[in-house]
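> just coords:
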């Protein structure tokens, strides 16, 4: 190792990558996937109006995007009926998580999350020298009581909660989330990742309350809006927190075409409704397939379904076997969630490829109870 | 102020914005600019091949971009004849500066730069709690001896140098840069911002040497490639430094369409050459206009020209007066550079609007020696 003037935090940090992208797997395989169902992208794609707006906006590529993202923030403010000063845009929820952690985590700061939750959150906590306190899931849901106890024990300035949850797809009701937020220590922020909220029942989503200084809502154009490749997310929070983010964020981080596309996508509520309906149908489809193979689908309020296949060895075997069939899916990273595979809801053709491949390989799964179906 | 659990660094950091974007100025004015010549964007636009590639790639917006950016990095590796492991991509040079500072700056870390240099660099240093040591320019160039002395005095782990320089457009020869790098303390990184290198004479640009663990080269698709809105930049450095960046960077920060456009832009060397020639012509044009009005253009190796107008009050007056004429330019932020205005080289029509507006307002400039021309 060359002598580099790294900070102690970075010097001691092991190399890690939150996710190996499907492109890297394709390079290793030397063959593209036919069904891309591992990253909870939306194969239904963006609104046709967003696609048209982005194609037209390509001509503006020579101009920096508005660093304040004002057009998009004004639209979001109207959409949510909150002040634009309560909204910050960022390069996806990942970018916003990084920016928020920058403002509250320094070496040694305790941070609370769920064991097996979003790896990118953990990755950014480590990058700022934070110390993770991981609370096990309970019955495949994030454990609100456990997270609350950990927050009080550690005095963590931030608790991460994904609702509905990734990777399990389960959810808590808005009332329980609100009660959880109220019971956190006075100096603790709730980082509420709602990447999948549009797919959830209305009762799972708390009302926006930008008067609450302790809850940060994270939203994205990567999921229901089908624009993962554009890197546009936003935080809704008390304006004082948004002002703090503006002290550290990369002001030009959100690209111009993405901002324009996001505005068009937000406006096309009919497309959003269509995607939500199609995803609900796809979830039912996956549940039927899973049960037919004697697997246990976990009820989901997201655009993916976790399917209990009986154990981590089986899940790993299935992920690899499906990749052999050119179908990209993933599995949760930590026990006991890793007895499941996780498959994103794509359009019917992609789901068909998944179903065919799963039926084909499930027969050969070692010690597989589904082998006889 | 609400009680937020901010780190001491962030709590004590004053609110600041590196740049107010032209969109914000337009909102204040209630009127768009007709010539956008203040942000060193390239009005010549991207290669037609890049535009076509990006329009086609919009259909892929639903997919995350490759977090490793491997296709683009492979192309850049071939372009520069360096290993792909010596290249990291980021959301523009701004994103890379932020990532690099994350690895080397903690509260109290000294950092060396030039007084009046790139404000966004200073902004990110402050965000990590670093302490800036600013060295005055000498004869409108960054002062290599001064920067060297400051690096040795402070033991800073990082020295920032922009070559050719922004905001002045001046440059140092490759030999002087290389000697400067060699004479830095053993534990000091040279962050060599080469956003404008393609516009510079060949002798201003050191050869790429990824065996050197102390120099990081920063490059961008925002300037000569005309893709500022897409947020694609890259760092070329020793592979150990690139590996350190991979511990903290937002792996998904570069959008998919930008990555695809950058590959097409890089390949279209004829377009790049055309832009370089057109920019050289535009610089000569600005020099002629400036001299005609008895102003003093500063020789430039970039896509902009700093024009000495005789003092900071005059420069400020001209920036405002040109804005009144719907022409957006900027001026350097610190003395003695702020006796200049800075105008980006755009296509002939934008340059014409600038020339007309400048001739019109220069007559009325208070105490202006150019008023009689």
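Done, it's in. Here the structure is a predicted model, which is why all the values come from computation and not from measurement. Numbers count the residues shown, from 1 in each chain, chains lettered A, B, ... in the order given.

> from here on, just use CA atoms for contacts and neighbour counts.
Noted.

> residue A:149: neighbouring residues, count only.
17 (other CA atoms under 10 Å in any protein chain shown).

> what's the helix or strand hosting it in contact with?
Assigned by DSSP states H and E, residue A:149 belongs to helix A:144-154. Helix A:144-154 has contacts (CA atoms under 8 Å, 6 or more residues apart in numbering or on different chains) with A:110-114, A:133, A:135-136, A:159, A:180, A:183-185, A:188.

> try it again at 10 Å.
A:109-114, A:133-138, A:143, A:155-161, A:172, A:176-177, A:179-181, A:183-189 (CA atoms under 10 Å, 6 or more residues apart in numbering or on different chains).

> near chain B, from these?
Taking CA under 10 Å from any CA of the partner chain as the test, chain B is in contact with A:109, A:156-158, A:186-189 out of the contacts of helix A:144-154.

> helix, strand, or coil at the closest residue to chain B within the stretch 201-350 of chain A?
Taking CA to the nearest CA, chain B has its nearest neighbour within the stretch 201-350 of chain A at residue A:229, 4.0 Å off. Residue A:229 falls in the helix class when you classify it by DSSP: H, G, I helix; E, B strand; the rest coil.

> wait, it sits on residue A:39?
No. Here residue A:229 does not reach residue A:39: they are 11.5 Å apart, not a contact under CA atoms under 10 Å.

> overlap of the contact sets of these two?
B:63-64.

> who has more neighbours, these two?
residue A:229 (28 against 20).

> quick one, what contacts that one?
Taking CA under 10 Å, 6+ apart, one finds A:41, A:92, A:221-222, A:258, B:57-66, B:252-258 in contact with residue A:229.

> you'd agree residue A:224 is up against residue A:197?
Yes. With contact defined as CA under 10 Å, residue A:224 counts as touching residue A:197 (8.9 Å).

> between those two, which one's more packed in?
For the pair residue A:224 and residue A:197, the greater number of neighbours falls to residue A:224 (32 against 25), based on other CA under 10 Å.

> per-residue confidence for that one?
Per-residue confidence (pLDDT) for residue A:224: 98.

> so it, which of the three states?
Reducing the assignment to helix, strand or coil with three-state DSSP, the entry for residue A:224 is coil.

> please enumerate the shared neighbours of residue A:224 and residue A:197.
Listed as contacting both residue A:224 and residue A:197 by CA under 10 Å, 6+ apart are A:302-303.

> near chain B, which residues of the stretch 201-350 of chain A show up?
Within the stretch 201-350 of chain A, the positions near chain B by CA under 10 Å from any CA are A:212-214, A:221-232, A:238-241, A:243-258, A:261.

> from those residues, keep the buried residues only.
By the neighbour-count criterion of 16 or more other CA atoms under 10 Å in any protein chain shown, these include these buried positions: A:213-214, A:221-232, A:238-241, A:243-258, A:261.

> any idea how far stretch A:138-150 is from the chain center?
19 Å (CA atoms, centre = their mean, to the nearest Å).

> among the buried ones among the residues of the stretch 201-350 of chain A next to chain B, which lie within helices?
Per DSSP state H, helices hold the following members of these: A:239-241, A:243-245, A:256-258, A:261.

> how many neighbours does residue A:30 have?
Burial of residue A:30 is recorded as 9 neighbouring residues (other CA under 10 Å).

> widest-spaced pair of the ones next to chain B among the contacts of helix A:144-154?
Greatest spacing in these, by CA to CA: A:109 and A:186 (16.1 Å).

> the two: which is more packed in?
Just comparing residue A:109 and residue A:186: by other CA under 10 Å the higher neighbour count belongs to residue A:109, 20 against 16.

> now that one: closest residue in space that isn't a chain neighbour?
Spatially, and ignoring its direct neighbours in sequence, residue A:109 is nearest to residue A:130 (4.7 Å; CA to CA, 6 or more residues apart in numbering or on different chains).

> residue A:124 is in contact with the one you found, correct?
Yes. When contacts are counted by CA under 10 Å, residue A:130 is listed as touching residue A:124 (8.6 Å).

> need the contact list for the residue most central in space within chain A.
Of all residues in chain A, the one closest to the mean position by CA atoms, centre = their mean is residue A:195, 5.1 Å from it. Counting by CA under 10 Å, 6+ apart, residue A:195 touches A:92-93, A:162-166, A:217-224, A:233-234, A:302.
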